[in-house]
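Chemist: only geometry, no sequence info:
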């Protein structure tokens, strides 16, 4: 597990498993911590609450935001939320997936398209991007030139749509309308793997469509 500090964005990689539709896979997840020296938002609390808490340190957590509710992205959300007295934010369309992991704990607030979250003076705009899951959300920080895409867009293409609650045509529409319209130099910080840019991914849209069909 690794961590790096990139100024207003801290990055922690945690390891664990992802389970859905009767299968389980080993995964490494990107956890993003956005804010300043006093206050942060945690994006996708995966696998290792202690490792994430160490990266947060003594800062206030304004929210634990879940880009979607696959278990590898939310399995530590309640533990971190309770530890830092922070709300869990999730789009309500993710409820069926959330309840598979946390049947006795509901998220505290709903994420909706156009919402603006703030931590340490940094604004994160919620972009609704269904497809990988029904209520997948991305978080765009214009002043940082960064978008946090969860599992909607990766370095090399869209997130997987071969499992329950996912749809290929929907994720392509989300990427086309909500993400590829961002400035080309916008850094794409993903839920797994390496970062990329909008400009690097934009030319490949037609290839993804052909491959998906």
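Modeler: The structure has been received and is ready for your questions. Keep in mind the model is a prediction, meaning the values are calculated, not measured.
Chemist: And the residue sitting nearest the centre point of the chain, its phi and psi?
Modeler: Relative to the mean C-alpha position of the chain, the nearest C-alpha, by CA atoms, centre = their mean, is the one of residue 150, at 3.1 Å. Main-chain dihedrals, residue 150, degrees, to the nearest 10: phi 50, psi -130.
Chemist: wait, it sits on residue 135?
Modeler: No: shown here, residue 150 and residue 135 do not form a contact pair, counting by CB atoms under 8 Å, at 10.7 Å. C-beta coordinates here come from the backbone N, C-alpha and C atoms, glycine included.
Chemist: quick one on the thing from earlier: who does the residue nearest to the centre of the chain bridge with?
Modeler: With DSSP bridges applied, the residues forming beta bridges to residue 150 are residue 190.
Chemist: Contact partners for it?
Modeler: Applying CB atoms under 8 Å, 6 or more residues apart in numbering to residue 150 gives the contacts 43, 44, 67, 68, 73, 132, 136, 137, 138, 159, 190, 191.
Chemist: re the thing from before, overlap in contacts of residue 150 and residue 135?
Modeler: Shared contacts of residue 150 and residue 135, defined by CB under 8 Å, 6+ apart, comprise residue 68.
Chemist: List the contacts of residue 179.
Modeler: Each residue near residue 179 by CB under 8 Å, 6+ apart is listed here: 127, 129, 138, 147, 149, 152, 153, 188, 198.
Chemist: Surely the fourth one is in a helix?
Modeler: Yep, that's residue 147 we're talking about. No: with DSSP: H, G, I helix; E, B strand; the rest coil as the criterion, residue 147 is located in strand rather than a helix.
Chemist: I'd like the numbering to begin with 281 instead of 1 from here.
Modeler: Yep, numbering from 281; the last one is residue 427 now.
Chemist: Would you confirm that it contacts residue 421?
Modeler: Yes: using CB under 8 Å, residue 427 is in contact with residue 421, at 7.3 Å.
Chemist: Mind checking which of these two has more residues around it?
Modeler: residue 427 (27 against 21; other CB atoms under 10 Å).
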